[in-house]
Structure formats: C-alpha cells, structure tokens
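Trainee: show me how the following folds:
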Amino acid sequence: MSVTDIDATTLVDSVRTVRETQPLVQSLTNTVTINDVANVTLHWGGLPVMADSPGDAGEMTDLASALLINTGQIPDDRVEAMHEAGRKANERGIPVVLDPVGVGSTPSREAVAESLLSEIDFTAIKGNYGEIAAFTGVEAEVKGVESAGDYEEIERTARSLAESTDALVVASGVDDIVADADGAVRLAAGHEMLGEVVGTGCMLGVTIATFCGALEDAHTAAVHGTLAFGLAGERAAEMGNAGPGSYRTNFRDAVADMTADTVADLDLEDQLEQVL
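Mentor: Take a look at the predicted model:
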C-alpha cells in the first residue's frame, strides 16, 4: 500500500468493516495492561478474549478471528500457551500479530521472541523503535520495555525485518513506520501524551490484530489500524484535562468514538509519507 491508496474514504471503509465484523481477538498479553488491551479491542468493535493458559489458549484460538502474542511477561506456562496458540492460528490460517515487548533488554526475552519467530508465521510484528532494531540485530537501547536512543535508519531497519520474516512490521515512535519487503510508509499521527500512559504500545498491538481480524488485506489492516490509533491519540488530547490519568480515559473514549462518521471528513495528506 502506497500513500496514494490511503485517504479518509478508505479509512472509513476499514473502521466500518471492523465494527460490522466484530472479530473475536484472542490476546495472550501481560497482566500490567490486560484490562486496557481488552477494552480497546471492544472499543474498536472487536470481541476480546484473554485465554493464556496451555490448553485453553489453543482451544480459544480455534474460535478466534485473530491472535495477538505479547511477550510482556514470559513465565514458562504462558510461553507454552503462546506457542500452542500460534500453531493453532497458523493451522487455521488466521492472522497472528507479535508484540515482542522488551526484546533487546534481556537474554530471556530475546530467546522467547526468537523461539516464537522460528516456529510461528506472523502476519505482523509491532514494536517500538528499540525493539524492532534489536530484533534485526541493529544496535539498540531498550530500558526495561521502553525504547531509548536515536534510530535514524528505522525505516530501513523495519523493512529489513519485514524482508527476513515475511511479516508486516510496525515500528512505533514519534512517527510510526509500517513496512513490508517492498517499501515503508511513515505515519505522522498521534500525540506526545501517548508516551505518558503505560500500555499504549500494547493497545496498538491489539488494534492491529483487531483490524487484521476484520479486513481481508493485512497490509491495509496494519496501516489503517496504526493510523486510526494515532488519530484517536490526537482526539484524546483535544478533550481537555491534560494529565496522564484523564488522557488514558479520554483515549479509550476517542477510540470508541472513532466511527465512520468521525473519520469521513479528515484530511490525512500531511500525515502520510512514502519513505522507501
């Protein structure tokens, strides 16, 4: 998808399709953000389920429209459930999104992420700049689960990861990059307050999974899901009460209000750039 294919009309179609389809999204995520992940799935129009134990994880994936695997916490039983759910999703041919939280910060997280990547075919990989860089072997600075440092070549890094994994890659930061093996698009949508709320990265991951579960084209789902998320971040900042606590609530309200009607009149030209 090039920037010439992205406008308010196509975004309206995607937002409407998600709400009409109501995809069941199975999310194996961390307990820090599980409530936000579930609610954002619901606010986009999806149906959340969070089955993360061996046995149940695979069985629930057998019913789902999409699967999110978030490696924010990696106890052995949850990692087992991640592999089980991923195998089932691949067997059924439903989209799988990987959010490799904190990869690059510890050897344990790197090992889990690499084991998942070696066994499961992912539709999309979503991470912050540091996580995406670490995944490709580029020098990266990840403190805990947060990205630090400068990433001047993030577009090429994301495209390189897309080429090596055959997955769409979403690198989130001040601007978001959506890359495949053929190129990359920069999305300048969002607000700095998103960085003041724990869990917005996890919420972006499940947003992409929700759009993937409803739309036939995964590239369209990744671009439109990321763009819609950023636009909701902008709308949340316009609702007043500038503190992070109220912004978190405003953001969820903005997602729920991101309907075809509210998107239709947006001018997106200045927020999109083909960079590769």
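
Trainee: please enumerate the helices of the chain.
Mentor: Along the chain, the stretches classed as helices by DSSP state H are 8-21, 34-44, 56-61, 76-92, 107-119, 129-135, 154-165, 200-214, 218-237, 244-256, 260-263.

Trainee: quick check, central residue of the protein?
Mentor: Gly205 (2.3 Å; Cα atoms, centre = their mean).

Trainee: quick one: that one and Lys126 touch, right?
Mentor: Yes: at 4.8 Å, Gly205 counts as touching Lys126 under the criterion of Cβ atoms under 8 Å. From N, CA and C alone the C-beta is placed, and that goes for glycine too.

Trainee: who touches both of these two?
Mentor: Common contact partners of Gly205 and Lys126 (Cβ atoms under 8 Å, 6 or more residues apart in numbering): Val97, Asp99.

Trainee: state the distance from Pro100 to Met50.
Mentor: 19 Å (Cβ to Cβ, to the nearest Å).

Trainee: more crowded one of the two?
Mentor: Taking neighbours as other Cβ atoms under 10 Å, Pro100 and Met50 compare with Pro100 leading, 28 against 18.

Trainee: ok, that one to Thr61 distance?
Mentor: Pro100 is 19 Å from Thr61, where distance means Cβ to Cβ.

Trainee: please apply the same query to Leu67.
Mentor: 5 Å.

Trainee: neighbour count winner among these two?
Mentor: In this view Leu67 and Thr61 are compared by other Cβ under 10 Å, and Leu67 has more residues nearby, 30 against 27.

Trainee: report the contact partners of that one.
Mentor: Counting by Cβ under 8 Å, 6+ apart, Leu67 makes contact with 25-28, 61, 85-86, 89, 94-97, 209.

Trainee: let's go with 7 Å and repeat that
Mentor: Gln26, Thr61, Ala85, Gly86, Ala89, Ile94, Val96, Ala209 (Cβ atoms under 7 Å, 6 or more residues apart in numbering).

Trainee: separation between the residue nearest to the first one when sequence neighbours are not counted and Gly93?
Mentor: It stands for Gln26. Nearest in space to Gln26, with sequence neighbours left out and distances taken as Cβ to Cβ, 6 or more residues apart in numbering, is Ala64 at 4.0 Å. Applying Cβ to Cβ, the value for Ala64 to Gly93 is 12 Å.
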